[in-house]
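> Turn this into a structure:
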Amino acid sequence: MGGMTVKDLREAKGNRTIAYVQVASEEEAVAASAAGMDMIGTAFVPDRAHFARAVPDTHFQFGLPWGKHADSTEALRDAMAAMMAGAQSVYCGCSPKIVEALAVEGVPVICHVGLVPPKATWTGGFKAVGKTVEQARMIWQQVQNFESAGAFAVEMEVIPAALATEITKRSKMLTISLGSGAGCDAQYLFSADLLGENRGHIPRHAKTYRNFAAERDRMQDERIAAYGEYIADVRGGVFPNDVQSVATDDAVLAQLWKD
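Numbers count the residues shown, from 1 in each chain. Take a look at the predicted model:
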């Protein structure tokens, strides 16, 4: 088993910060692994089921899509399939009850608190969670519930940094920060944000290291230019020329028509 195991990740708590990225393509996964990323994750969907095999030397996590599973049996079935596909852990945004069903069977589970996008209506929409005493208590209670259910890690999304730091000190789980400050055990970004794939709004918590959107625009301009040149060559009789054509001996054609 290559890369950091769950045991390795748990032992890293308090010793060093884990680098973790969410990818959307095998190319991104391979690049992240080559760069030395500690953890790589992606959604467990049919066209990504092979990603883990492409990065055998990195801890790979498959995420169970929220809303797909009606009960713990369905979630467990997908979690087992994810592990069989090569994952070392799974993300599950469901309740502690479902997390417990997975954990009991030995599936290492990452749970989720704070701004949980599919459940954002309960916390006031797409904004920070935990800035009031009531919300902070709710988050801490959720963390304790998930830890009791057997989760080994918790993603904390857009909660106050000071709160995330204190939870990290008090929880045995590996804490993963997505916009929750530097005091967590792991830092997490989406590859699309990290590489600058998106146009317009960039999440406050994200840091962009490249401008792939501009590069894609440049490549699209180059595609259009190349297609235009090809069209002009076709219409002008320049393409194909002798280089792109197959020659034959005149005698062969003469004999063909003679016969």
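> alpha carbons only for contacts and neighbour counts from here, please
Will do.
> what about the nearest residue to residue 196 once chain neighbours are set aside, how many neighbours?
In space, not counting the residues next to it along the chain, residue 196 is nearest to residue 211; the distance is 4.6 Å by C-alpha to C-alpha, 6 or more residues apart in numbering. Residue 211 is surrounded by 15 other residues when neighbours are defined as other C-alpha atoms under 10 Å.
> shouldn't residue 143 be in contact with residue 113?
Yes - when contacts are counted by C-alpha atoms under 8 Å, residue 143 is listed as touching residue 113 (7.2 Å).
> These two: who's more crowded?
In terms of neighbours (other C-alpha under 10 Å), residue 143 is the more surrounded of residue 143 and residue 113; the figures are 27 against 19.
> And that one, which helix or strand is it part of?
When secondary structure is defined by DSSP states H and E, residue 143 falls within helix 133-149.
> what packs against that helix?
Under the contact criterion of 3 or more C-alpha pairs under 8 Å, 6 or more residues apart in numbering; DSSP states H and E, the helices and strands touching helix 133-149 comprise helix 96-104, strand 109-114.
> out of the ones you listed, nearest to residue 241?
strand 109-114 (60.3 Å; C-alpha to C-alpha).
> how many degrees apart are the closest one and helix 96-104 in direction?
For strand 109-114 against helix 96-104, the angle by axes from the mean of the first three to the mean of the last three C-alpha atoms, to 10 degrees is 160 degrees.
> So what touches strand 109-114?
Around strand 109-114, the neighbours that count as contacts under C-alpha atoms under 8 Å, 6 or more residues apart in numbering are 89-94, 99, 102-103, 128-130, 139, 142-143, 146, 150-159.
> Equivalent analysis for stretch 31-51, please.
Applying C-alpha under 8 Å, 6+ apart, the external contacts of stretch 31-51 come out as 3-4, 18-26, 29, 55, 57-65, 82, 85.
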